[in-house]
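Peer 1: predicted coordinates and the sequence they were generated for:
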Amino acid sequence: MTDYSTDVVVVGGGPAGCILSYLLARSGVKTTLVERQQTLNREFRGYGFRPPIPSLLAEMDLRDDIESLPHETIARGTLVAYGRSYPLFEFDNEQVILMKQPPLLRCVVSRAQKYDTFSFLNSTTVDGFLRDDGTISGVTATTRPSGERLTIRSRLVVGADGRYSTTRDAAKIDLQTKETGSEVVWFRLPRAAADLTTHLRIERDGVLAYSPLSDHESQYGLLIQEGTYPELRNRGIESFRSQVTGIEPRLADSVDQHLTSFDQCALLSVQSALAKRWVVDGLLLIGDAAHVASPIGAQGNNLAIQDAVIAHRILTPVLKQETASVSTGVLQRVERIRRPVIEEVIESQQLMGEGLARLLTIHDYLPQSFHAPVLRSGAALVSLATRFSRRTETGPEPPSVDRDLFVE
Ligand SMILES: Cc1cc2nc3c(=O)[nH]c(=O)nc-3n(C[C@H](O)[C@H](O)[C@H](O)COP(=O)(O)OP(=O)(O)OC[C@H]3O[C@@H](n4cnc5c(N)ncnc54)[C@H](O)[C@@H]3O)c2cc1C
């Protein structure tokens, strides 16, 4: 058993955990980031970093480093329904950065490693809490491959361990989940002829989501009715491939050559979720551990990074001044600022998810001749809902990084 001691343990090296750890460490707060994976590689996560994230990265002095890595930038995104385009988002002076999460996270962690106040424990899985008089005062964990047990004492634990959060479960915090009735089958292909600005395409054969990852690779997601994946698999990969190319014929060559097995696919339910509370004594949840926005709405990264920026602003002054644990009241200030914003985003995404799920069953209740006009009206509504949710996603006051807290 090895014992560590730190000010803050951040559990989970996703966008929320890496950014918060970097900001805290740079502000002179002793921070330990614990990640169960050996590397920061991850499959099938979000690769879109929409405004205000590029500006926030600039305020953190990370933007130049991140832009030196393979990435794309776009200023607008569209939804195409039966060949007609509808705007999903459009930025005048800002851009969306499209890039894979692993290089971005590696870059943030390596910048954090410049500070003596930062330590990173990878291949280490948190499995429980230490408690003093009922207040959480650290975590217990196991390191692979040695199986060594660790205890990490801290003044605060931040649970940034994603949608299946161990810290949330260990704190017995309920998650309120809303299903939309649909799931997404994700897969990757070398970047084909499909253009960068299309994010969603609705055609007679179904609904396809697009996410360019780099100049040579894209991620695609076929929307299906919940519970129908086994049926889809039974019909065979050939039928899946023709459904995809029926929606986007420009993918035909790429699909023929590269999509050969369902082993290349990952199934994800299109659901949103909100933890009943984000705080118990000694623990704060942020990012997907606290709230899951539908992947179709593509805002999870934004919300997670904004949580980190707000948490840094509120927690750092307390962590720098006192030696005791951080009071529940201070932690609740983070939740009070972020929860209303997240609730609005989740609500509008839920509407969009349910709308899309209904489109999937259109063949069951409408004759063929109605499909195009109905789907186009649906697309116009989804377009409106998404643009509305963009207006709400930062809340009334867009967050900014408190650079005065940095020690250098
Ligand atoms: C297919 C897909 C597409 C998406 N598309 C977009 C998009 O285009 N734009 C967008 O903004 N968002 C998108 N999202 C959502 C986005 O990826 C997430 O919202 C975002 O990654 C959440 O960040 P996070 O840091 O909160 O959690 P995560 O990224 O999930 O990171 C959590 C980390 O915690 C680690 N962990 C878990 N348990 C433990 C433990 N017990 N001990 C130690 N470590 C642990 C995990 O290994 C992981 O590294 C998408 C999601 C998916 C799945």
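Peer 2: On my side now, so go ahead. Numbers count the residues shown, from 1 in each chain.
Peer 1: from now on I want contacts and neighbour counts done on CA atoms only, so please keep to that.
Peer 2: Fine.
Peer 1: any part of stretch 24-33 near the ligand?
Peer 2: No - Stretch 24-33 lies out of reach of the ligand by CA under 6 Å from any ligand atom, never closer than 8.7 Å.
Peer 1: what sits against the nearest residue to Gly287 once chain neighbours are set aside?
Peer 2: Closest residue in space to Gly287, ignoring its immediate chain neighbours: Ala304 at 3.9 Å, by CA to CA, 6 or more residues apart in numbering. Ala304 sits next to Pro15, Ala16, Ile286, Gly287, Asp288 when contact means CA atoms under 8 Å, 6 or more residues apart in numbering.
Peer 1: compare the residues you listed and tell me which is most surrounded.
Peer 2: Among these, the one with the most neighbours (other CA atoms under 10 Å) is Ala16, at 32 neighbours.
Peer 1: make sure that residue is actually in contact with Ile305.
Peer 2: Yes - assessed by CA atoms under 8 Å, Ala16 is found in contact with Ile305 at 5.1 Å.
Peer 1: joint contacts of those two?
Peer 2: Gly287.
Peer 1: isn't there a helix covering Leu56?
Peer 2: Yes - assigned with DSSP: H, G, I helix; E, B strand; the rest coil, Leu56 falls within a helix.
Peer 1: ok now do it, which residues does it touch?
Peer 2: Residues in contact with Leu56 (CA under 8 Å, 6+ apart) are Ser400, Val401.
Peer 1: please repeat the previous calculation with a cut-off of 6 Å.
Peer 2: Under the criterion of CA atoms under 6 Å, 6 or more residues apart in numbering, Leu56 has no contact partners.
Peer 1: next one: phi and psi at Arg333?
Peer 2: Here is the backbone geometry of Arg333 (degrees, to the nearest 10): phi -60, psi -40.
Peer 1: ok, it - contacts?
Peer 2: Arg333 neighbours (CA under 6 Å, 6+ apart): none.
Peer 1: just the pLDDT for it.
Peer 2: We have a pLDDT of 97 for Arg333.
Peer 1: A strand includes Val401, no?
Peer 2: No - per three-state DSSP, Val401 lies outside any strand segment and is coil.
Peer 1: so which of the contacts of Ala304 are also by the ligand?
Peer 2: Answer for the contacts of Ala304 near the ligand (CA under 6 Å from any ligand atom): Pro15, Ala16, Gly287, Asp288.
Peer 1: so which of those are in helices?
Peer 2: Residues of those located in helices (DSSP state H): Pro15, Ala16.
Peer 1: would you turn the ones next to the ligand among the contacts of Ala304 into TSV with distance to Gln219?
Peer 2: Supplementary listing: these in TSV, determined by distance: CA to CA, whole Å:
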residue	distance to Gln219
Pro15	19
Ala16	22
Gly287	22
Asp288	20
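Peer 1: out of the ones next to the ligand among the contacts of Ala304, the closest to Arg235 would be?
Peer 2: Sorting the ones next to the ligand among the contacts of Ala304 by distance to Arg235 puts Asp288 at the head of the list, at 33.6 Å, by CA to CA.
Peer 1: which residues touch the closest one?
Peer 2: Applying CA under 6 Å, 6+ apart, the residues near Asp288 are Gly162, Arg163.
Peer 1: could you list the low-confidence segments of this structure?
Peer 2: 43-44, 192-196, 296-298, 385-397 (pLDDT under 70).
Peer 1: alongside the ligand, which residues does it contribute?
Peer 2: Going by CA under 6 Å from any ligand atom, the residues of the chain near the ligand are 11-17, 34-37, 44-49, 124-127, 160-163, 165-166, 287-289, 295, 298-302, 304.
Peer 1: which of these are buried?
Peer 2: With burial judged by 16 or more other CA atoms under 10 Å, the buried subset of the residues of the chain next to the ligand is 11-17, 34-37, 44-49, 124-126, 160-163, 165-166, 287-289, 295, 298-302, 304.
Peer 1: partners of the longest strand along the chain, with directions?
Peer 2: In the chain, taking DSSP state E as the definition, the longest strand is strand 175-190. Strand 175-190 has its sheet partners listed here by DSSP bridges as strand 217-225 (antiparallel), strand 266-275 (antiparallel).
Peer 1: mind putting these in JSON lines, distance to Ile202 included?
Peer 2: Formatted as JSON lines, the strands paired with strand 175-190 follow (distance: least, CA to CA, whole Å):
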{"stretch": "strand 217-225", "distance to Ile202": "10"}
{"stretch": "strand 266-275", "distance to Ile202": "16"}
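Peer 1: re earlier: so of the buried ones among the residues of the chain next to the ligand, which ones are in helices?
Peer 2: Pro15, Ala16, Gly17, Thr166, Gly300, Asn301, Asn302, Ala304.
Peer 1: adding mean neighbour count and distance to Asp205, write the strands paired with strand 175-190 out as TSV.
Peer 2: Compiled in TSV, the strands paired with strand 175-190 are given as follows (neighbours: other CA atoms under 10 Å; distance: least, CA to CA, whole Å):
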stretch	mean neighbour count	distance to Asp205
strand 217-225	21	10
strand 266-275	20	19
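Peer 1: now do the strands in the stretch 151-300 of the chain.
Peer 2: Ranges of strands in the stretch 151-300 of the chain, per DSSP state E, counting those that start in this stretch, are 156-159, 175-190, 198-203, 206-214, 217-225, 266-275, 279-280, 283-285, 291-292.
Peer 1: could you dump the ones you listed into TSV and include distance to Glu94?
Peer 2: Converted to TSV, the strands of the stretch 151-300 of the chain look like this (distance: least, CA to CA, whole Å):
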stretch	distance to Glu94
strand 156-159	31
strand 175-190	27
strand 198-203	18
strand 206-214	18
strand 217-225	22
strand 266-275	27
strand 279-280	34
strand 283-285	29
strand 291-292	25
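Peer 1: so which of these comes closest to Asp253?
Peer 2: strand 175-190 (10.3 Å).
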